[in-house]
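In: need the 3D shape of this:
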Amino acid sequence: MPGPNRGVPEKSKNFGAAITRLIKELKKYRVKIIISTTVAILSTIIAIISPSFLSDLTDTISAGLANKIDFSAVWKFVLIIVVLYIISTIFEIIESFLMTDVANGFARDLRTRISKKINRLPLKFFDKNQIGDTLSRVTNDVDTLAQSLSDSLASIVVNILMLVGVAVMMFVTSPILAITAIVSGVLGLFFVAIVLSRSQKYFSMRQKELGKINSHIEEIYSGLNVVRVYNAKAEASKEFDYLNKRVYDANRKSQFLSGLMPPMMHFIGNLGYVAVCVVGAILVTHHAITFGVIVAFIVYVRMFTRPLTQIAQSLNLLQSSAAAAERVFEFLDEKEMPKETAPAYLVRDKAKGEIEFKNVHFGYTDDKIIIKDFSAKALPGQKIAIVGPTGAGKTTMVNLLMKFYDINSGDILIDGISIHDLSRENIHELFTMVLQDTWLFSGSLKDNIIYNHTHVSDAEINKVCDTVGLTHFIKTLPKGINSKISDNDSVSAGQRQLITIARGMIKDAPFLILDEATSNVDTRTEELVQKAMDKLMTGRTSFIIAHRLSTIKNADLILVMKDGNIVETGTHQKLLAKNGFYAELYNSQFKH
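Out: Modelled structure (predicted):
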């Protein structure tokens, strides 16, 4: 629920540093950006010199009104102006196409880097960061960057050039009118500076609040049944309303402040028109300038105030870019798992199946060690059960064995080779892992079962499905194993578990880990799965984490854990005979 300080907007980090990093990241697109900017500059130069021809055209027509209009001169100036405008338009189209390509290509590369980054991050990152916030960085923040780049990157350079070029042309044409027009522009720049200094923190706040509300939506949607069962709809809606209001406030404040710039710049531009007309009229009456100069200056004023407005809008977009870039680059700069130097490689087909834990110490934080001096040895082909109360460290030991986390001290040996000398990919090749939490992706049943494996025949799939008891379920599907399913479909928890078990059997690795793999199936199905597991475990070193101790009676060795240590070891019968902690756990499950 809302804490006491959650309504206070967070200050943005260094705006300049974020933009500098963004420019550095765009180095790959340097050529396209240079071409785009060059084309835009050429278009700007054409726009700057066009009013001089318009002035000449006006003076030619004005002089002809008293005598005779020189239509050949008029048509010459008209042709020049039309050709210049056509060339300028073509240049603008090219510039827009190139910058759109740069922006979307950069967004594509960022998403690719983020995708690869996710695979290099340690699990502790996902333990402390919400999934919805990470998704928001991949979607909202990257999209914000792409839109801002497309609209603002070359625009700032071009509009600065436009300001300088127009100012020079105005002073060349009439210094007095130039000063008159520029004074209003300076007022606009002063206003822009004030607004920018106040609005940046709200752009940063908006991106952060979008991440928070996405996290909340993801949590509530994934746990919707729990929310309904506990009648927590009002509480969830209250939190959503609070977060939604935070997004609304951040959007309102940032958009209001940045939205002040265009109308103010329009007002200043209109004020410039009036000033030029008044001062120009006085100068014409004193024969200091011609009427054509006033016409040219009206165009110049529009050309001078328009880039000021566009610069203001571009800076507005850059603020969004800076806020989004901070979050994206913060994610890309997260500490990765240490790079591995794997001098050894264990071939899966030649693995013997021996695993030894030697004095393993581990803690998710350095000041809280939860696995303390853990030692155990599994011989080839043995079926090792790990039991104990919740929080004893059973799943943690499996995570260490899979190298999801690095141990603090001690060692784990696979066939006598330290896991420090084996790559994570190599270790993962050696293990089949079936978890309590199931996962299905949108695709066919066949694709879910053979996940990440090729050259698996339908006959093999049908054999595995028959072994784990999936055949009846497959017959109920319209297209059999080729039917489309997903985790959101009405597939029961037991059926999802059977599919993941079948997926594990297809992998056919020398080591097997079952983490409460049968907890979501009924008693009859559990009996079928247990027989399938017995077949699967034949000739393989297997680790079974189980709370239902009746399922591990035939284990070759049972490790009883408590508070991160092994307190008892032995077979089921020997541990019951000891009448110790294991016997207490086992008997407690049959008390009425």
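In: could you report the neighbour count for Phe267?
Out: 15 (other CB atoms under 10 Å). Heads up, the C-betas are built off the backbone N, CA and C, glycines and all.
In: what's the span of stretch 426-446, first residue to last?
Out: Stretch 426-446 has an end-to-end distance of 25 Å (criterion: CA to CA, to the nearest Å).
In: so how far is it from its chain's centroid?
Out: 24 Å (CA atoms, centre = their mean, to the nearest Å).
In: list the buried ones in it?
Out: 426-427, 429-436, 438, 440, 444-446 (16 or more other CB atoms under 10 Å).
In: and if you look at stretch 67-84?
Out: For stretch 67-84, the neighbour count (16+ other CB under 10 Å) marks 77, 80-81, 84 as buried.
In: then stretch 471-478?
Out: 473-474.
In: next: stretch 125-132.
Out: For stretch 125-132, burial by neighbour count (16+ other CB under 10 Å) applies to 125, 129-130, 132.
In: again with stretch 543-557
Out: Those would be 543-547, 549, 551-552, 555, 557, for stretch 543-557 by 16+ other CB under 10 Å.
In: go through those and flag which are in helices.
Out: Using DSSP state H, no member of the buried residues of stretch 543-557 falls in helices.
In: who does the host helix or strand of Leu400 touch, helix- and strand-wise?
Out: With secondary structure defined by DSSP states H and E, Leu400 is part of helix 394-401. With contacts taken as 3 or more CB pairs under 8 Å, 6 or more residues apart in numbering; DSSP states H and E, helix 394-401 sits against strand 355-362, strand 371-378, strand 383-387, strand 511-515, strand 541-545.
In: still on that earlier bit, which of the buried residues of stretch 543-557 sits closest to Ile355?
Out: Phe543 (8.1 Å; CB to CB).
In: hang on, that closest one packs against Thr395?
Out: No - the criterion here is CB atoms under 8 Å, and Phe543 misses it with Thr395 at 10.8 Å.
In: can I get the helices and strands packed on helix 394-401 in CSV including distance to Arg113?
Out: CSV is the format used below for these (distance: least, CB to CB, whole Å):
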stretch, distance to Arg113
strand 355-362, 31
strand 371-378, 34
strand 383-387, 38
strand 511-515, 31
strand 541-545, 35
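In: which one of those lies closest to Gln495?
Out: Across the helices and strands packed on helix 394-401, Gln495 has its closest neighbour in strand 511-515 (17.8 Å, CB to CB).
In: what lines up beside that closest one in the sheet?
Out: Here strand 511-515 has these sheet partners by DSSP bridges: strand 431-434 (parallel), strand 541-545 (parallel).
In: mean pLDDT lowest for which of these?
Out: Note on the strands paired with strand 511-515: lowest mean pLDDT is at strand 431-434, with a mean of 84.
In: which residues does the most far-flung residue of the chain relative to its centre contact?
Out: Here the chain reaches farthest from its C-alpha mean at Asn67, the gap being 70.9 Å by CA atoms, centre = their mean. With CB atoms under 8 Å, 6 or more residues apart in numbering as the criterion, no residue contacts Asn67.
In: now it: how far from Ile61?
Out: 12 Å (CB to CB, to the nearest Å).
In: what about the strands in the protein?
Out: 355-362, 371-378, 383-387, 409-414, 417-418, 431-434, 443-444, 484-485, 511-515, 541-545, 557-562, 565-570 (DSSP state E).
In: which one of the buried residues of stretch 426-446 is nearest to Gln310?
Out: Taking CB to CB as the measure, Gln310 lies nearest Leu440 of the buried residues of stretch 426-446, at 49.6 Å.
In: that closest one contacts Leu498, correct?
Out: No - between Leu440 and Leu498 there is no contact under CB under 8 Å: 11.3 Å.
In: model confidence for the residue farthest from the centre of the chain, exactly?
Out: Reading off the model, Asn67 has pLDDT 70.
In: redo the strands of the chain as TSV? Include distance to Val299.
Out: Converted to TSV, the strands of the chain look like this (distance: least, CB to CB, whole Å):
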stretch	distance to Val299
strand 355-362	73
strand 371-378	77
strand 383-387	82
strand 409-414	77
strand 417-418	77
strand 431-434	71
strand 443-444	60
strand 484-485	62
strand 511-515	74
strand 541-545	78
strand 557-562	82
strand 565-570	84
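In: just to revisit the earlier point, Throw the buried residues of stretch 125-132 into TSV and include distance to Ile506, thanks.
Out: Converted to TSV, the buried residues of stretch 125-132 look like this (distance: CB to CB, whole Å):
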residue	distance to Ile506
Phe125	30
Asn129	32
Gln130	33
Gly132	32
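In: give me the lowest-pLDDT entry from those.
Out: Within the set of the buried residues of stretch 125-132, pLDDT is lowest for Gly132 (74).
In: let me see the contact set for the nearest residue to that one once chain neighbours are set aside.
Out: Of all residues not flanking Gly132 in the chain, Ser215 sits nearest, at 3.0 Å (CB to CB, 6 or more residues apart in numbering). With contact set as CB under 8 Å, 6+ apart, Ser215 has these partners: 130-133, 136.
In: mind doing that once more with 7 Å?
Out: By CB atoms under 7 Å, 6 or more residues apart in numbering, the contact list for Ser215 reads 130-133.
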